[in-house]
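S.K.: Need coordinates for the below:
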Amino acid sequence: MKIVIVGGVAGGATAATRIRRLDEKAAITVYERSGFISYANCGLPYYIGRVIEDEEELTLQTPDSFWKRFRIKVNVRHEVTAINKDKKTVTVHNLETGDIYEDAYDKLILSPGAKPVMPNLVGIDNDKVFTLRTVEDTFKIHRFIETTKPKKAVMVGGGFIGLEMAENLSELGICVTVIQRGNQLMNTLDYDMATMIHTKLRLKGLHLKFNCDVIGFEAKDDGVSVLLQDDSPIKTDMVILAIGVAPDNTLAKDADLALGIKGAIVVNDRMETSIPDIYAVGDAVLVKHTITGSNAVISLAGPANKQGRIAADNICGMNSRYKGSMGTSVIKLYDLTAASVGLTEKAAKAAGYDFESVILSPTSHAGYYPGATTMTMKIVFDKSSLHILGAQIVGYDGVDKRIDVIATAISAGLNANELKDLELAYAPPYSSAKDPVNMAGFIIDNIASGKLKQFHINEMDTLPKDGSVTLLDTRTEKEYARGHVNGFINIPVDSLRERLSEFDKSKPLYVMCQSGLRSYISCRILTGEGFDCYNFAGGYRFYESVTNEKMLSKCSYPCGMDK
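M.R.: This next block holds a predicted model:
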């Protein structure tokens, strides 16, 4: 059996080696357009930032090592330009020699990945405007930085690659401005959770410019000006575009393979395309979203590797099925970690769910053990079924393992209140006896059983200020004096029972504290005395993060950016 694989990074390389492990006699040929195979895409920004110093660390395998260990023929700098599905051949262009030839296949796997979105903007061909997709792109940016020593950089786009690049450039001493079309970075998070990332980046000296459209680039002296819609241009030394990716579907489209949303290649759960004996995997394919069941394009390395393995299994006579993707992801930004899985509130609303969310701020491990840090967790769930729709966590230590636990719970079909029942490892340096995931489950269980009613930050401005409701802050007097929401009176939780006579039982009470715990205790006291009580989700700490960001987002340029 002859297998041809187009694309030798995550999905393609995984498929190739899996086929070899299953079939020692198969003839396997991989064609890769770039000069490298099986390279670590996610590590590219860290080479530019000198976190990874040896460029060889970026390439997990070479054509020579593939042949020696697996007897897989790998051709780099070879671009497959056409598929003849009737003859079962591919047309190959050797980019080094210019030769063009055909190669036959019994089974074909397409793993072309995704390509950076390149808008048709004036001046985009400027040699100081870069994108980052391949190792070659990385070396090009690295050489530019090493030779020209730029002082300023503009990053267009605030997703994973954009922010990782922004961090690494700033760690080199380069003043970075991030330009984002929307009002937040990291669309895998809700705005309120993303504000913590905004704060961190601002504290590190980055400038964030939101609700801004780039309309072109103009050579300027020794630099480049970024031209903006309805705003003054920004002069800088270099620009990196990271405004998103699109499925690299040229081959599939020309071969009349079925395409779906965003032009992604349609596959079934065996990774088979609409044409017999042609499979597709990775960032270019359409998948089912695990939670909604709808079609989605999810560009992540984990799913690409799994899909490559599944395609290989089925080519070799097995019956493996891909169960879908839910977008589990994590990012490091300086000492901060942000992670998410599934749907945000915005996505849940768009999908038509009647949802609720809880927000809590537990510590990463037992508070009495040194080094405990606070994380903010947000769990979104369906009100009626209690199915977990998604989760977001921003913090320092232990964020990654909590998001993985929740992702596992979703895969296992657990409901949100069942998070309380998980038996998770505990020792003071690692967690608390009631793990943060358990705590989220306890809160959700209280909501489901009617023991807890909440109000959220988007309701804060609509609370009546005419005296028809009571607004109560149960923090200490010192905490209240340092900052509070206008209209909220201060009665510390430990004084609450002695001051119940100050409240009117005909008026609902809206209660807040620093994190949501003391206000919950207050609500239980008040509910037990016959009051109608609502607890503020997230607490004043969360409220302050969101409202401060709204003010900071209006600030102007720091660190010498010219207007």
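S.K.: now the farthest one out in this protein, which residue is it?
M.R.: No residue in the chain sits farther from the centre than S501, which is 49.0 Å out by C-alpha atoms, centre = their mean.
S.K.: would that one count as being in a helix?
M.R.: Yes: looking at S501 with DSSP: H, G, I helix; E, B strand; the rest coil, it is inside a helix.
S.K.: gap between G390 and L58?
M.R.: According to C-beta to C-beta, to the nearest Å, G390 stands 32 Å off from L58. From N, CA and C alone the C-beta is placed, and that goes for glycine too.
S.K.: Could you do V358 as well?
M.R.: V358 sits 40 Å away from L58, going by C-beta to C-beta.
S.K.: do D106 as well
M.R.: According to C-beta to C-beta, D106 and L58 sit 33 Å apart.
S.K.: higher neighbour count, those two?
M.R.: Applying other C-beta atoms under 10 Å to D106 and L58 shows that L58 carries more neighbours, namely 19 against 13.
S.K.: Contacts only, for the more buried one.
M.R.: By C-beta atoms under 8 Å, 6 or more residues apart in numbering, L58 lies in contact with F36, Y39, A40, G43, L44, Y47, I52, V135, T138.
S.K.: thinking the second one is in contact with E56, fair?
M.R.: No: counting by C-beta atoms under 8 Å, Y39 does not reach E56; the two are 10.4 Å apart.
S.K.: Please identify which of those two sits among more neighbours.
M.R.: More crowded of Y39 and E56, by other C-beta under 10 Å: Y39, with 24 against 7.
S.K.: Tell me what that one is bridged to.
M.R.: Per DSSP bridges, the residues bridged to Y39 are T59.
S.K.: dump the residue contacts of it.
M.R.: So Y39 contacts V9, L58, T59, L60, T134, V135 (C-beta under 8 Å, 6+ apart).
S.K.: Swap in 10 Å and give it another go.
M.R.: 8-10, 13, 32, 57-62, 134-135, 138 (C-beta atoms under 10 Å, 6 or more residues apart in numbering).
S.K.: Can you tell me the element V546 falls in?
M.R.: According to DSSP states H and E, V546 maps onto helix 539-552.
S.K.: Quick check: buried residues in that helix?
M.R.: In terms of neighbour count (16 or more other C-beta atoms under 10 Å), helix 539-552 has its buried residues at G539, Y540, F542, Y543, E544, S545, V546, E549.
S.K.: Count the neighbours of the nearest residue in space to the third one that is not next to it in sequence for me.
M.R.: Same thing as F542. Spatial nearest neighbour of F542, excluding adjacent residues (C-beta to C-beta, 6 or more residues apart in numbering): I359 at 5.9 Å. The tally of other residues near I359 (other C-beta under 10 Å) stands at 24.
S.K.: what do you get for A258?
M.R.: Neighbours of A258 under the rule other C-beta under 10 Å: 12.
S.K.: re the thing from before, quick check: which helices or strands does the helix holding V546 pack against?
M.R.: Other elements packing on helix 539-552 under the criterion 3 or more C-beta pairs under 10 Å, 6 or more residues apart in numbering; DSSP states H and E are helix 191-203, strand 355-360, strand 376-382, helix 477-482, strand 509-512, helix 517-528.
S.K.: what angle do that helix and strand 355-360 make?
M.R.: 100 degrees (axes from the mean of the first three to the mean of the last three C-alpha atoms, to 10 degrees).
S.K.: which residues touch G244?
M.R.: A114, P116, V117, P119, G157, G159, I161, G162, R181, N187, K262, S299.
S.K.: Give me the secondary structure label for the fourth one.
M.R.: Under three-state DSSP, the three-state class of P119 is coil.
S.K.: Could you find the closest non-adjacent residue to it?
M.R.: Nearest residue to P119 in three dimensions, chain neighbours excluded: I243, at 7.2 Å (C-beta to C-beta, 6+ apart).
S.K.: Counting neighbours, what do you get for the one you found?
M.R.: I243 - counted by other C-beta under 10 Å - has 20 other residues nearby.
S.K.: In three-state terms, how would it be classified?
M.R.: Three-state assignment for I243 (three-state DSSP): coil.
S.K.: In the stretch 51-200 of the chain, mark out all the strands, start to finish.
M.R.: Listed in chain order, the strands of the stretch 51-200 of the chain (DSSP state E, counting those that start in this stretch) span 73-76, 78-84, 89-94, 100-104, 107-110, 114-116, 129-131, 152-156, 175-179.
S.K.: Go through the ones you listed and find the least confident stretch.
M.R.: Of all the strands of the stretch 51-200 of the chain, the minimum mean pLDDT falls on strand 114-116 (a mean of 87).
S.K.: any residues touching that strand, and which ones?
M.R.: Contact partners of strand 114-116, identified using C-beta under 10 Å, 6+ apart, comprise 41, 130-133, 137, 157, 161, 241-250, 262, 264, 282-284, 297, 299, 304.
S.K.: Could you list the low-pLDDT ranges of the stretch 451-563 of the chain?
M.R.: Counting by pLDDT under 70, the stretch 451-563 of the chain contains low-confidence ranges at 553-563.
S.K.: A347 and Y353 touch, don't they?
M.R.: Yes: applying C-beta atoms under 10 Å, one finds A347 in contact with Y353, separated by 8.9 Å.
S.K.: Overlap of the contact sets of these two?
M.R.: Common neighbours of A347 and Y353 (criterion: C-beta under 10 Å, 6+ apart): I291, T292, V380, L389, G390.
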